[in-house]
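> quick one, structure for this:
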Amino acid sequence: MKKKIWLGLAAGIGICVLCILIWHYKVSEDTKGSVWANTSGNVLEDRDNRSGSGPGKRVDVVHPWPVEDGLLITLPGRARASRQATLFFRVSGPLHQVRVKPGDKVKKGDLMLRLDDRDYLRRVRAVQSRLKSARANLLKMENGARAEDIRIIEASLEAARADLDLAEKELKRYETLYRNAAVSEQNLDRARNNVKLLQAKTVSLEQQLARDRTGARKEDLLAARAGIEELEVELDIARDQLNDTRLVAPFDGVVTRLIPDAFEMVTQGQPVLTLDNIATLEIPVDVPENQIHLFLEKEKPRTYKARFLTTGPRPFEAKLAEYAARADQTTGTYEFVFSVTPDSQGVIFPGMTSEISVYGAAGDEKKEKLVIPLLSLTGVSGNSAQVFLVDRETRTAQKRGIVFQGLDDSENVVVLEGLAPEDLIVTGGSSFIRPGQALEFKLPN
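Modelled structure (predicted):
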């Protein structure tokens, strides 16, 4: 019973507190008077005494401001490196040395990574040794044997002939003894084999002596020279593989990514490092087909300027590097690429937000262009939209149609038709008002 009483009491207290808060809010809204500037600069009275029915809706207003002199169009973009490279080793091996890290600036030819070159160095030495032996053999074939070498071969041949003569006599004796069953067949076969070996040795020495006396044959020389050329190519490959254990910068740039760590095994063709050249940046922008003439007017000179979010309004000179002659199938726009060379004062990296502005000579555009905040647009359809203006006499919202240049990623739009510099445009709160509604506002400075 007591529990129910306490719960009812708590609920009643909560309802009372809620009623007090609602009453306090109503009183504060009815009694609060705000001071706003009217069109003559005098202080306005409380909202209940102003024109319009009921309290006015508080909004922010601005005057349209003129476009920068000569400015034809501004389109958003995003900076990228003019040269980008994903580097890799052409050989495999354990990563022995890492000399750079992401963010480091390198010059062309600087050593960045190095593999263990032990096996590749040994291969170079082995091929060099084989090449020296082949060259010496070719020299011997071309010049012929020396006199002392010929005398040695002659002596060896004379000894081989003497051994052959003795072996043939022994074979005849063994054949006689075998017919008389005095020796085994095995002994006879051994004698026959000895004769054959000495005959082959004698023929070989005779041929060698003849070759050394007359010189090598032409086809032998050609074969020896071809073998040397093959070894020279093999040595070049071995040296290239040894050099490929060192990864050097192919151009001046900044290391943007390092993949392996020291002492890890790196395979041939595996990406290990990315390098960007940021001395010159590229800014691609998407240009609608109805605005291409602003970029490619041949009879009227055009200048281009780039701005970056990190450097504020300070412009950089830009050049039109290339453009696509075919529209993107998804967006229907044409990509124009501009090159920019930033100075050392601005911290600019690939991927940063930027914009390209196109300027023409004075008088290129006859219609006056005005700029308003993007948030002030309602009912956007193509290049048409509506904005809310403030009627100075009745201090109420009036809707007006405009034609603007195009939507992009910036916070403002360029208006081609529908506005005058003296108009008051509703910015903040325009989505929550209706035509004829009373407004409260401060005049812009």
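
> C-alpha from now on. contacts and neighbour counts both.
OK.

> any stretches of the stretch 201-350 of the chain with poor pLDDT?
Within the stretch 201-350 of the chain, the ranges that satisfy pLDDT under 70 run 215-216, 298, 344-346.

> so where do the helices sit in it?
218-243, 293-296 (DSSP state H, counting those that start in this stretch).

> buried set for stretch 425-432?
Ile425, Val426, Thr427, Ser430 (16 or more other C-alpha atoms under 10 Å).

> for Leu95, see how far away Arg83 is.
26 Å (C-alpha to C-alpha, to the nearest Å).

> these two: which has the busier surroundings?
Leu95 (21 against 16; other C-alpha atoms under 10 Å).

> and the helix or strand hosting that one, what other elements does it pack with?
Following DSSP states H and E, one finds Leu95 within strand 93-98. When contacts are defined as 3 or more C-alpha pairs under 8 Å, 6 or more residues apart in numbering; DSSP states H and E, strand 93-98 sits against strand 111-115, strand 265-266.

> quick one: closest of those to Glu411.
Glu411 sits nearest to strand 111-115 of all the helices and strands packed on strand 93-98, at 42.9 Å, using C-alpha to C-alpha.

> what about the residue lying closest to Ser354 once chain neighbours are set aside, how many residues nearby?
What sits nearest to Ser354 in space, not counting adjacent residues and going by C-alpha to C-alpha, 6 or more residues apart in numbering, is Phe308, at 4.3 Å. Neighbour count for Phe308, taken as other C-alpha under 10 Å: 22.

> what does the one 3 residues further on give?
By the measure other C-alpha under 10 Å, the count of residues near Thr311 is 14.

> any idea how far it is from Phe349?
In terms of C-alpha to C-alpha, Thr311 sits 11 Å off from Phe349.

> what of Glu317?
In terms of C-alpha to C-alpha, Glu317 sits 17 Å off from Phe349.

> one more: Val266?
Using C-alpha to C-alpha, Val266 is found at 29 Å from Phe349.

> before we move on, what about Ala134?
From Ala134 to Phe349 the distance is 57 Å (C-alpha to C-alpha).

> which residues sit in contact with the most centrally placed residue in the chain?
Closest to where the C-alpha atoms of the chain average out (C-alpha atoms, centre = their mean) is Gln84, at 4.1 Å. In this structure, Gln84 makes contact with Thr274, Leu275, Asp276, Asn277, judged by C-alpha atoms under 8 Å, 6 or more residues apart in numbering.

> can you pull the contacts of the last one?
In this structure, Asn277 makes contact with Ala81, Ser82, Arg83, Gln84, Phe251, Asp252, Gly253, Val254, judged by C-alpha under 8 Å, 6+ apart.

> could you list everything the third one pairs with in the sheet?
Pointing back at Arg83 there. Arg83 forms beta bridges with Asn277, as assigned by DSSP bridges.

> Asp276 is in contact with that one, correct?
Yes. Arg83 lies in contact with Asp276 (C-alpha atoms under 8 Å); the separation is 5.8 Å.

> ok, longest helix in this structure?
helix 147-179 (DSSP state H).

> residues of it that come out buried?
So helix 147-179, judged by 16+ other C-alpha under 10 Å, has buried residues 150, 153-154, 156-157, 160-161, 163-164, 167-168, 170-171, 174-175, 178.

> determine which two of those are furthest apart.
For the buried residues of helix 147-179, with distances taken as C-alpha to C-alpha, the pair at the greatest spread is Ile150 and Tyr178 (41.2 Å).

> any idea of the angle the host helix or strand of Arg125 forms with helix 218-243?
Arg125 belongs to helix 118-143 when elements are defined using DSSP H and E. Taking axes from the mean of the first three to the mean of the last three C-alpha atoms, to 10 degrees, helix 118-143 and helix 218-243 form an angle of 160 degrees between their directions.

> buried sites along helix 118-143?
Here helix 118-143 shows Tyr120, Arg123, Val124, Val127, Gln128, Leu131, Ala134, Leu138, Met141 as buried, counting by 16+ other C-alpha under 10 Å.

> what's the answer for stretch 196-203, then?
Buried residues in stretch 196-203 (16+ other C-alpha under 10 Å): Leu198, Gln199, Lys201, Thr202.

> give the contact list for the first one.
Going back to what we said before, that points to Leu198. So Leu198 contacts Ala160, Arg161, Asp163, Leu164 (C-alpha under 8 Å, 6+ apart).

> same question, the third one
For Lys201, the contact set (C-alpha under 8 Å, 6+ apart) comprises Ala160.

> what residue in the protein is the furthest from its centre?
Distance-from-mean max, the chain, by C-alpha atoms, centre = their mean: Asn180 at 95.3 Å.

> and that residue, what pLDDT?
As predicted, Asn180 sits at a pLDDT of 86.

> pull up the gap between it and Leu309, please.
With C-alpha to C-alpha as the criterion, Asn180 and Leu309 are 116 Å apart.

> do the same with Thr256
21 Å.

> got it, and Lys169?
107 Å.

> now do Leu275
24 Å.

> higher neighbour count, the two?
Leu275 (26 against 12).

> name the nearest residue to that one, sequence neighbours excluded.
Nearest non-adjacent residue to Leu275, counting by C-alpha to C-alpha, 6+ apart: Val255, 4.7 Å away.

> cool, Ser184 as well?
Tyr178 (6.5 Å).

> residue contacts, the one you found?
Neighbours of Tyr178 in contact, by C-alpha under 8 Å, 6+ apart: Ser184, Glu185, Leu188.

> Serialize these to TSV and add fields for secondary structure.
Below are the contacts of Tyr178 laid out as TSV (DSSP: H, G, I helix; E, B strand; the rest coil):
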residue	secondary structure
Ser184	coil
Glu185	helix
Leu188	helix
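
> what comes up buried for the helix or strand where Arg190 lies?
Under the criterion of DSSP H and E, Arg190 resides in helix 185-214. Across helix 185-214, burial judged by 16+ other C-alpha under 10 Å covers 188, 191-192, 194-195, 198-199, 201-202, 205-206, 208-209, 211-212.

> next: stretch 80-87.
For stretch 80-87, a neighbour-count test (16+ other C-alpha under 10 Å) marks Arg80, Ala81, Ser82, Arg83, Gln84, Ala85, Leu87 as buried.
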